[in-house]
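*Asks:* Have a look; sequence and predicted model below, questions after that.
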Amino acid sequence: MGDSTLSSWIGIAAQPSWTAAAVARTKYLALLSAAGGLEQEVKSREDLTTNPSERGFTKQGKKMVFSSNHLMDFEGHELWLKHAFGAVSSNKVGASLAYKHDFTLATAKLMETIELCLDSKSSVRPANMITAVEFSGNLFDQVNVSYEYLGRDEDPLAAPGSPTFPDDDPIVPVISASTLIKLTSNAHEVQTWKLRIEDPMRDDGFYIGNARTIKKPVRVAKRLVTGEVTLEADFSDADILALYAAYQGLTETTFQAIYVGNEIASEGFYDTFDLNCTRIVFTGKTPEIPGPGPVELTLPFKAFYDVSGSKDAATLSLTNEVVSV
């Protein structure tokens, strides 16, 4: 297993209900960064006394709004991804040591306890929901993933737990045919890409008599799946012309990011990250010409549920050696 002496990290565990106490953490990840936290509001008492200063206040409410940013690995993110997407099916690949985990979008939201280690102390945050997940990659760096959370409260700071981290198994853009960004079913030399899955959740659900913590959030709008790709716009290239024609005509097409890593136990199966949208429409603007040099074409897109194929707006398949999520 990996290093357990990191000074800042995050842990997670499935939680049975919104009002339950924190659950002991079972999975841990290293952090690139984390932002946000407990938000508390007060209302000042204002009256017509001669005292020039405000004399008191009332508590209005509190909630947890925060995010965590990580390097994406072939192993270690399974529980986070299950809670971000909503459902997962795990199956052994033949008689090998490889397992394929298919993450799909679900209506019901799962809940989790989060522990965020702040060097010498831990912030334990019971009752959270992952409201958004965003994947991003470029030509040179490891794939990144960020999770956004909406939570109920924060327990008093305490000594951190004893995490065990997964081994480093980075998803990097190896320059080979095994790393592909596909649009219109064709592979493209994309400079950057990202895909964001967002569940708009109500975050102001206070009510009388509940110690001013928010009640269980509910979805207030349709799930949003959006993305963006940037590539060099060589308009002498037939594939670029086809992409631009799809943008001009609001023609439905596809997006797929495939990264292949090491072979698993010399059995012909490989660590694989396969992020897929079977129905996207490009949006955005005609590319600008900033000066001498290549023109960059940035194509934002929206992904939609595939009615005819009964497929989610986005799916993710991970193949690795993790037996179950």
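*Replies:* Perfect, thanks for sending it. What you see is a predicted model; the values in this text were computed from it and never measured.
*Asks:* Flag the shaky bits of the stretch 201-325 of the chain, pLDDT-wise.
*Replies:* Applying pLDDT under 70 to the stretch 201-325 of the chain flags residues 207-211, 309-310.
*Asks:* so where do the helices sit in it?
*Replies:* Taking DSSP state H, counting those that start in this stretch as the test, the helices found in the stretch 201-325 of the chain are 238-248.
*Asks:* can you pull out the strands in it?
*Replies:* 224-232, 253-263, 270-282, 296-303, 315-320 (DSSP state E, counting those that start in this stretch).
*Asks:* For Lys27, find the nearest of the ones you listed.
*Replies:* strand 315-320 (14.0 Å; CB to CB). Quick note: C-beta positions are derived from backbone N, CA and C, even for glycine.
*Asks:* Could you export the closest one as CSV, CA atoms only?
*Replies:* The C-alpha trace of strand 315-320 is given here as CSV (Å, rounded to 0.1, in the frame of the first residue of the first chain):
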residue,chain,number,x,y,z
THR,A,315,-21.0,6.5,-18.1
LEU,A,316,-17.6,5.5,-16.8
SER,A,317,-16.0,2.1,-16.9
LEU,A,318,-12.9,1.3,-14.8
THR,A,319,-10.9,-1.9,-15.3
ASN,A,320,-8.5,-2.7,-12.5
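*Asks:* So which elements touch that strand?
*Replies:* helix 78-85, strand 99-105, strand 270-282 (3 or more CB pairs under 8 Å, 6 or more residues apart in numbering; DSSP states H and E).
*Asks:* can you state the direction angle for the second one and strand 315-320?
*Replies:* Yep, that's strand 99-105 we're talking about. 160 degrees (axes from the mean of the first three to the mean of the last three CA atoms, to 10 degrees).
*Asks:* Strand 99-105 vs helix 78-85, what angle?
*Replies:* Using the same axes, to 10 degrees, strand 99-105 lies at 20 degrees relative to helix 78-85.
*Asks:* Next, count neighbours for Lys222.
*Replies:* Neighbour count of Lys222, defined by other CB atoms under 10 Å: 11.
*Asks:* In space, what's closest to it - neighbours in sequence excluded?
*Replies:* In space, and not counting its chain neighbours, Lys222 is closest to Pro200: 7.8 Å by CB to CB, 6 or more residues apart in numbering.
*Asks:* coming back round to it: okay if I get the helices and strands packed on strand 315-320 as TSV plus distance to Gly36 and mean neighbour count?
*Replies:* Formatted as TSV, the helices and strands packed on strand 315-320 follow (distance: least, CB to CB, whole Å; neighbours: other CB atoms under 10 Å):
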stretch	distance to Gly36	mean neighbour count
helix 78-85	17	21
strand 99-105	24	19
strand 270-282	25	21
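*Asks:* Cool, thanks, talk later.
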